[in-house]
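**Student:** Need a 3D model of the sequence below.
(4 chains)
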2 protein chains.
Amino acid sequence: MTGKNKPVSSRRLRFAVIAIDVVLFTVMDNALKVLLMHVHRPPFFIHRLGVPGGLIDPKETADEAAYRHLAEKGGFNDVALEQLGTFSAIDRDPRGRVVSVAYMGLVPQGKSGLPDDRDVCFQSVDNLPPLAYDHNRIVASAVEHLRTKIAYTAAVAAVLPKLFSFGDLQRIYEIILGYPLDKRNLRKKIMTLGMLKKVGKKRSGAAHRPAELYTFVKQKNSADKRVF
Amino acid sequence: MTGKNKPVSSRRLRFAVIAIDVVLFTVMDNALKVLLMHVHRPPFFIHRLGVPGGLIDPKETADEAAYRHLAEKGGFNDVALEQLGTFSAIDRDPRGRVVSVAYMGLVPQGKSGLPDDRDVCFQSVDNLPPLAYDHNRIVASAVEHLRTKIAYTAAVAAVLPKLFSFGDLQRIYEIILGYPLDKRNLRKKIMTLGMLKKVGKKRSGAAHRPAELYTFVKQKNSADKRVF
DNA sequence: CCAAAAGTGTTTGTTATACACCCATGG
DNA sequence: CCATGGGTGTATAACAAACACTTTTGG
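**Tutor:** You can find the predicted model right below:
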């Protein structure tokens, strides 16, 4: 996203303004969803949707701006964000030159933290409508990044509750990736990451064998990584 | 890099200007080197060095600005650049708020393309002096990125001449990575990338068996990558 | 006893690593 | 003939992928 509430008057600018956009994912209703907000900037964007974002303030870094806008517009705090890249196509904002640093984050399933009745919502990343600005592109890049990243990190921890079963975890992976996984192989792969700890309780109450519950433990820093 | 020739007057700005910085690598004299330029911005930077860079113009993308500044300041054309990330620490440029998009590229060994007697030079990435702005940080990030990337792409093609021997290639890898490699294993790994073609000639003239010469062929696009 | 999800091992193929010797040439 | 870098293969370990049955519970 790019505009805040006041329109961008390009006459006041040296040549560009800097914004951030945040692609905030969650997993809900069996789908990978992204947080979208109502964008209305006639005559360019009439009742479109776009990811939350806004300008960088003089006294904050891009990272700080990303956290701030996400908190202000979506009510999300304590989300780990990661920089994706910077989008600078000249006409990405038809109102003026705006360069945007894109971020990506993940929040827990379901409990949205969203104030009710705001013009923000999560929508499935499949079949997104045309979004404002270059946000389809930004979201696509974020999805690709997310899919790559969960293969070798514990990024899904952010979307799972404190305690979860292996089945929960597998569902998250399958929804994000969009294809089914073998549960034995997934278990092995996840276990080799060494970030999962059995918590010693089980979840009963369903019409099947109770599931062991797990929790994520701190990621170990991976020393210096030899690539060969 | 951040400043151009005119000083950045922050009063004229909405809140920031956008620059690009280019970390241009080459391999020379048995070392991984980075292109540095003289930076003199009293009272902040007195005869320092920094990577080439400059402001983004109103009518160009960040990528275009990177190519332009690299050509203008270093005389390099036809270099493939890749975006590394955006650096936005508030005080990274003590003269005002400047957010910079960092790029990375590789040029062939030796033939520098540099106009003689300019205040630009390649320096070894080890033991760099304190650079202007946050350029030590940017270079460090570029080095890490480069090391990671050569493990699974033919990026080193950019630093090798059209024709090269396997020994040449191995030397490049070892210099970039900073540790020795097994030549049989490297050969297998490179061959599985499928980007190398034997050219049918040999290089004789040295006091040892003549080396087969190779050339890089186009990279094949890797379809959709399943991560599991 | 049935349905539903949980849990578990083995086999096979692929990839990564470690390792040592002969080859062709120039001097 | 010797020094120099060029070129090659194999054995082992680690990892990825495919695959099916038993367990425990609620209803």
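
**Student:** list the contacts for the residue in chain A that DNA strand C sits nearest to?
**Tutor:** For chain A and DNA strand C, the shortest gap (Cβ to the nearest atom of the strand) falls at A:Gly167, measuring 2.2 Å. C-beta coordinates here come from the backbone N, C-alpha and C atoms, glycine included. Contacts of A:Gly167 were listed using Cβ atoms under 8 Å, 6 or more residues apart in numbering or on different chains, and they are A:183, A:211.

**Student:** how about it, secondary structure?
**Tutor:** When the structure is reduced to helix, strand and coil (DSSP: H, G, I helix; E, B strand; the rest coil), A:Gly167 reads as helix.

**Student:** How about A:Tyr173?
**Tutor:** Reduced to three states by three-state DSSP, A:Tyr173 is helix.

**Student:** That one and A:Pro180: what is the separation?
**Tutor:** Per Cβ to Cβ, to the nearest Å, A:Tyr173 is found 9 Å from A:Pro180.

**Student:** do A:Ser141 as well
**Tutor:** Counting by Cβ to Cβ, the gap between A:Ser141 and A:Pro180 amounts to 25 Å.

**Student:** same check, this time on A:Pro130
**Tutor:** Looking at A:Pro130 against A:Pro180, where the rule is Cβ to Cβ, the gap reads 30 Å.

**Student:** How about A:Phe45?
**Tutor:** In terms of Cβ to Cβ, A:Phe45 sits 38 Å off from A:Pro180.

**Student:** which of those two has more neighbours?
**Tutor:** Under the criterion of other Cβ atoms under 10 Å in any protein chain shown, the comparison of A:Phe45 against A:Pro180 puts A:Phe45 first, with 20 against 10.

**Student:** which residue packs closest to the more buried one, ignoring adjacent ones?
**Tutor:** Closest residue to A:Phe45 apart from its sequence neighbours, by Cβ to Cβ, 6 or more residues apart in numbering or on different chains: A:Ala132 at 4.4 Å.

**Student:** what's the pLDDT at the one you found?
**Tutor:** Here the pLDDT value assigned to A:Ala132 is 97.

**Student:** wait, does stretch A:49-68 make contact with chain B?
**Tutor:** Yes: in this structure, stretch A:49-68 sits against chain B according to Cβ under 8 Å from any Cβ of the partner chain; the contacting residues are A:55-63.

**Student:** got the residue ranges for the strands in chain A?
**Tutor:** Applying DSSP state E to chain A gives strands spanning A:17-28, A:31-41, A:45-50, A:53-55, A:81-87, A:98-106, A:120-124, A:164-165, A:196-203, A:211-216.

**Student:** mind checking pLDDT for A:Lys225?
**Tutor:** 76.

**Student:** if I look at it, how far off is A:Lys218?
**Tutor:** Between A:Lys225 and A:Lys218 the distance, using Cβ to Cβ, works out to 18 Å.

**Student:** can you tell me which residues contact A:Ala19?
**Tutor:** So A:Ala19 contacts A:1-2, A:53-56, A:65, A:98-101 (Cβ under 8 Å, 6+ apart).

**Student:** where does chain A have low pLDDT?
**Tutor:** Regions of chain A meeting the criterion pLDDT under 70 cover residues A:1-15, A:111-118, A:219-223.

**Student:** try it again with 50
**Tutor:** Segments of chain A classed as low confidence (criterion: pLDDT under 50) are A:1-13.

**Student:** Would you tell me which residues of chain A are close to DNA strand C?
**Tutor:** A:165-168, A:182-185, A:187, A:202, A:206-212, A:226, A:228 (Cβ under 7 Å from any atom of the strand).

**Student:** Now the buried members of the residues you listed.
**Tutor:** Among those, those classed as buried by 16 or more other Cβ atoms under 10 Å in any protein chain shown are A:165-166, A:168, A:211.

**Student:** Can you report how many residues lie near the residue lying closest to A:Arg97 once chain neighbours are set aside?
**Tutor:** Distances taken as Cβ to Cβ, 6+ apart put A:Ala16 closest to A:Arg97, at 4.2 Å, once the chain neighbours are dropped. Residues lying near A:Ala16 (other Cβ under 10 Å) number 26.

**Student:** Okay then, goodbye and thanks.
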